[in-house]
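[1] Predicted model and sequence follow; I will ask about them next.
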Amino acid sequence: MKPMNGAGIISDRDILIAVTINILGVYTLSLPRILAEETTAADGWVGILLGGGVACILAWVVAKLTLLYPNKSFFSIASDLVTKPIAVILTFLFTLQYIAITSFQVREVSALAHQYLFDQTPLEVISLSFLLVVVYGVCGSRAGIFRLNALFLPFVLVGLLVVVVVPLVFIKTENLLPVFQTDFKGYVQSTYSSLNTFAGFGIILFYIALVKNPKNTPKMAVKGVIFNTILYTILYIVCIGTFGNSTTANIFFPTFDLSRTVEIPGGFFERFDAFLFLAWTIILFVHSLMAFDIAVMTLMMVFKKVKKIMLVITLTPLIFFISMIPKDYVELTHIARYISLIKLTSLLLVVVLLWSAYKIKGGKQSE
Amino acid sequence: MRRSLFTRVYKKSTDQQYESATQQSESEFNIPIGLTLKENVEIIKKKLGDPSDLIVRDITVGKNKHKCSILYLSGLADQKLVNDNILKMVQTEISQSDTNSNQSGTGQSEPNANPSEASQSEPNANPSEASQSEPNANPSGTGQSEPNANPSEANKNNPKSSQSGGTQSDPNLLETIEQHVIAITDTKKGQTLYEVINAILSGNAVFLLDGVNTVLVMGTTGYETRSIEEPQSEAVVRGPRTGFIENIDKNITLIRRELKDPNLRFDVHEVGRRSKQKVVVCSIAGIVNPDILNEVNRRIKTIDIDAAPDSGFVEQWIEDSFLSPIPQILDTERPDHVTYSVLQGKVAILVDGSPFALIAPVMLGEPLQSIEDYSQRWAIGTLLRLLRFLSIFISLFLPAIYVALTSYHPGMLPTKLAFSIAATREGVPFPSIFEALLMAVTFEILQEAGIRLPKAIGSTIGIVGGIVIGDVAVSAGIVSPAMVIITSLTAIASFTTPNYSLATGLRVLRFGLLAAASILGLYGIILVFIMMCIHIVNLKSMGVPFSSPIAPYFLGNLKNLLIRSPIITLKKRPPYLEPRDINKINDGGKSK
Amino acid sequence: MNKFTLICSLIFYLLILTGCWDNVEIEERAFVYGLAIDRTEESKSNSEIELTEQLIVPEQFASTGSGGGGSGPAFRNLTASGETIFDVNREMFKQASRTTDPTHLLLVLFSEELAKEPKRLEQLLDVFLREKDMRRGINIAITSGKASELLTVVPEHEKVPAQYISKLLEQKKNLEIINVVKIGDIQNKLLDNVSFPLPLLKTMNPTVIDYEGIAIYNAQKDQIVGTLKGDYAKGLSFMSGKKHTGTINIEVDQEKATVELTEIKSSFSLINDDPNNLHISVNVEVEGTIAEQLGTDDVLDREVLQQFNRALEKEIEKLTKGTLTILQNDLQTDAIGLGSYLFQHHPKLWKSVKVDWETGEKYFTQSRIDVIANATVNRPGSIIRTTNN
């Protein structure tokens, strides 16, 4: 009856978009600061490139792993490779992780709004209204989420392009000098920090199962990571060029402040941070939407009979309360670091575990 | 998703009711026609409530002076046609058969001569009538299998009837009259009262012969219709000036005239329990995706309604989500728009009595395209399209952004603009949200009044609204001049939308955005914007995702969505419709 | 399912309808356009400051003047004193009928007196960078004399003093004027401990403000250490290679002439990298047009042109030498960005001299700085000469 694009099944390109958008996130806002702290002048780009490279390899491995069992969900792959109880534990691990990510994003959006838009509007209102919009999105179809990604991509790209292009006139090349004066430790640290921001590609572990024709999907996932690497490098260089290293290291969200520094004289667009706020809210929204969706999805893998809407209803208050736990911004920044750490390690853990299980069982499986 | 599920369940439940209801009404009328002419006429009169416009003409035919009657509704049937091609023919047949009987006495051979004489005697009348009856003939083309079957039945019945009653007329007489006397191409035979009454109500003339339980139904429908005029709701500077009218047969002709494709298909449905309207689904076999066509046909079959005065009723019955402010089916008055859409692989729905054809499925951005874009040079077509996107953005967001910026984030305005707005708002007694609502509602009232009033008085509204409210309200200090600018800009921008339904739908959203802006400022606008996007991606039109041109398909479509690239580059039909034949032009004309 | 949506939307509306927290109508805001910070006159504690806010009166500001109703000034100055700027701003609420809104702040003036107190300027700058409503593009200037006085100067051309001053700061056609200093730029310099110049303004009469010279901020001492005026200011402009143009007076054949410079480029190069014997050369390349000639030389003559060039080079070298002497000896402040140059191009050397650049060993003071000027007069103007005698 429904002829088109069989619901729930997505294409390669959707994965590319999803990975691209999902890697962008709150971390992107503060990434230049963290890198600038660890490196001198503009040397942070080395860290970004290295981090991006490592992330590419990881993304490739994860994608390949899921492709061993095409169109099978993570849970069924895991229960096939490592017994069902362990699979349940692993799946729950991811559920918890993605619930935490959603909560964090929900909280972060109000932090961002307080930073740039509001003074007195209560945190709860900003977060809750955001969360409810996320819930509205999750209630839609999963294919719809991917369509949403594709719909939002132009806004995000245009937003970021504006951030990058407009300050180009204001860049002082002397801020980028000297080159390669960072010590080895700085490079390692910056690589690690940037790798953390790339952890968003973890979503492919769950979404590849939905791809219609998954042959090229690993390539697409890697392309998404590469795209972000390039984007981050440019962003970082623009940030350093405009502010200088020490200022970048001392601004809370350097990427966002870029737009506030530059004033295009004359016309209506003298101050264009409004557009950027749109882009960032969208990025945060998509990020939390997908995290929420994965949380629901992983739960549905385990509890097959529960209705999606019931899960959403139960998770929503939970996420809201979790998001209200951090007391201040210091806790929030700590949590940000922990979350990306957990994101990365859990991904690594699962990949290593499943790969080794596959290798051990490998002989029997190949028929 | 939830909503469309909801509608579907709802429709299914009513589906059954509908079937039982129609069965009831049919059984009520499902009486076979009797043999006695007088009784038959009486029953028909009774069923129709003996209307004054029902014309019953009793005549006798043949040498045996068979009684017969011609029945039709005076306003619906073409009286000239009835008089010249039915009554006159039958009467001449009578006189000729009389003379013929005197000459030869054999009744069998007579009729063969008659038609040729008849056609010779009135050569002038026939062509004109033929052209008149042409639109009538077309719809019956789809139902032609029925009349073919009828004569054989009639032949079977007639011998029986001739055996049962001696006083009855010659069983072949009706056949003879149909074959040789009546000068009308579209004839059918009916055997039930239901058929006959329906035929009369549709403007057909009915020929009853005493002693025969078969009735001859002749397509004489011809009533006054509006002449073909330029469409009012979609005016173009360059392009065809024809618009649909209220007569579905004429509308079908308009489409046929533009597309001489043998694959052009019209699936006929009947809609309206009481109105019995004809609804036609128009598509091109070999282009249209059969899934879409079947879905449209299926949904039209579920319609259960007394009458559909306009295609809007049909639209609301078959659209995917009736709660959405965005129309999922496009309405157009222009035949060229219909042919263009049908050639894209879409489906058009024509409803009798409505000059608005429906086009489905419709995708994001398509209501913003005017068919005129293709008539103009591509550069200006592209600019106009971009302009329309800009104006839809203005008409949706401008008042909300104004409220958000003035009452929450004046820091985002350019410095001097901020000061000017502050200066204009000095002394205005209302907060900006209230001011915006006031002006928006005033504008809506003006617009509504302008539409409802007769054209002559309509211009007064412009003066009262524009000068009195705009100018005096400002000088009285009730609203700020900036707000008047915003409101009028919004209004003008909303008029650039080629599709009226979309423009009206978006009016609702504008108020939602205003509310959000007044509560959470820019953040609120962004959230509502995201919600709108979520709604759009979950919306479907005839099962095809509404956002298809942008997501999942992307770059390939932009050349016909955001911009209007040169005609030769538009080689393909939209892929999201999954048409049977994707290529419009095979090589972009390069081989020439 | 529908109940869920209903409940959700109900919660949403309930929350939302309780208030519009940050809603302040635009006409209820008093936009701060300029700020002046002084030391309090009868200062009780040393740290107390006096803040003058210039608030915009939009009605007067936006009026085109054709109506004739525009009487009264387009601004309103309020003054209060307290410990910190933010605190004083709140103090101001007691005087202003409207909420002050610093989102369109254009200009901050510090009195020289205040800026000469160690650490004072950087402490006061914090709020402008931290506060979310502030932009990084706020102009900064130092005033000799009381800063608040400048905010009362109303010229005939502009409606608001702050606007007048900021346009003055953005002037580019004079060599004594340095590039506009924005708060955002300063942050990086403060963080990197780099000294920098600031514009210095002075009230001349009730309707005129004069761009007096350049105040030099020493990053090690965290205070204004001195000023450069007149020719010394010009010398600084040559070395820091501004995008400015300006005029320079030279003498050719004992006759005065004025050259309008169209382009100034400067670059540093390190000649000797021994920390105790640093030798840096500053290459200044200028292009110019003869703007005014009091003599009667044939400007088409190559010889004469060379004379012009050489005179120009000599003049530039003289000017910069003078500036350098003051900077190196009197002020001991690297206001031309040599330190940044060393950091960017010779990071290893910089590492060893960084700590003792301006203080301690005073490498900056000890280093030898040569200026090599290279001037080209490439346009003679429209005529060759005015008179023949």
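    Alright, I've got the coordinates.
[2] Tell me who's in contact with the closest residue in space to residue A:223 that isn't next to it in sequence.
    Nearest residue to residue A:223, sequence neighbours excluded (C-beta to C-beta, 6 or more residues apart in numbering or on different chains): residue A:16, at 5.6 Å. C-beta coordinates here come from the backbone N, C-alpha and C atoms, glycine included. The contact partners of residue A:16, taken as C-beta atoms under 8 Å, 6 or more residues apart in numbering or on different chains, are A:220, A:221, A:223, A:224, A:227.
[3] ok, now residue B:234?
    Neighbours of residue B:234 in contact, by C-beta under 8 Å, 6+ apart: B:243, B:332, B:333, B:334, B:337, B:370, B:371, B:498.
[4] Skipping its backbone neighbours, what lies nearest the last one in space?
    Yep, that's residue B:498 we're talking about. That would be residue B:370: by C-beta to C-beta, 6+ apart, it lies 4.1 Å from residue B:498.
[5] Test my guess that that neighbour contacts residue B:237.
    No. With contact defined as C-beta atoms under 8 Å, residue B:370 does not count as touching residue B:237 (10.1 Å).
[6] out of the two, which sits in the busier spot?
    Neighbour count, other C-beta atoms under 10 Å in any protein chain shown: between residue B:370 and residue B:237, residue B:370 has more, with 24 against 7.
[7] Over to that one: give its phi and psi.
    Backbone torsions for residue B:370, taken as degrees, to the nearest 10, come to phi -100, psi 150.
[8] Please tell me how far it sits from residue B:544.
    22 Å (C-beta to C-beta, to the nearest Å).
[9] for the chain, what's the longest helix?
    Chain wasn't specified; assuming chain A. helix A:329-365 (DSSP state H).
[10] Chain C, not that one
    Chain C, longest helix under DSSP H: helix C:302-325.
[11] cool, and chain B?
    helix B:500-538.
[12] What's the nearest residue in the stretch 101-250 of chain B when you look at chain C?
    residue B:233 (34.5 Å; C-beta to the nearest C-beta).
[13] Is there proximity between the worst-scoring helix or strand of chain A on mean pLDDT and chain C?
    Least confident helix or strand of chain A, by mean pLDDT, DSSP states H and E, is helix A:254-261 with a mean of 78. Yes. Against chain C, helix A:254-261 shows contacts by C-beta under 8 Å from any C-beta of the partner chain at A:257, A:260, A:261.
[14] tell me the pLDDT at the nearest residue to the first one once chain neighbours are set aside?
    So that's residue A:257. Among residues not flanking residue A:257 along the chain, residue A:251 sits closest, at 5.0 Å (C-beta to C-beta, 6+ apart). Predicted confidence (pLDDT) for residue A:251: 85.
[15] What about residue A:251, how many residues nearby?
    23.
[16] Quick one: residues contacting it.
    A:33, A:243, A:257.
[17] If you rank these by neighbours, which is first?
    residue A:243 (31 neighbours).
[18] doesn't residue A:171 make contact with that one?
    No. Look at residue A:243 against residue A:171 with C-beta under 8 Å: they stay out of range, at 9.8 Å.
[19] does residue B:567 really touch residue B:373, like I thought?
    No. Using C-beta under 8 Å as the test, residue B:567 is too far from residue B:373 to be in contact (10.6 Å).
[20] can you pull out the strands in chain C?
    C:29-39, C:49-56, C:75-82, C:99-101, C:107-111, C:139-143, C:196-205, C:208-218, C:223-229, C:246-252, C:255-272, C:279-293, C:368-379 (DSSP state E).
[21] Let me have these in JSON lines, adding mean pLDDT as columns.
    Shown next, in JSON lines, are the strands of chain C (pLDDT from 0 to 100):
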{"stretch": "strand C:29-39", "mean pLDDT": "88"}
{"stretch": "strand C:49-56", "mean pLDDT": "87"}
{"stretch": "strand C:75-82", "mean pLDDT": "85"}
{"stretch": "strand C:99-101", "mean pLDDT": "83"}
{"stretch": "strand C:107-111", "mean pLDDT": "89"}
{"stretch": "strand C:139-143", "mean pLDDT": "89"}
{"stretch": "strand C:196-205", "mean pLDDT": "86"}
{"stretch": "strand C:208-218", "mean pLDDT": "86"}
{"stretch": "strand C:223-229", "mean pLDDT": "85"}
{"stretch": "strand C:246-252", "mean pLDDT": "82"}
{"stretch": "strand C:255-272", "mean pLDDT": "84"}
{"stretch": "strand C:279-293", "mean pLDDT": "85"}
{"stretch": "strand C:368-379", "mean pLDDT": "85"}
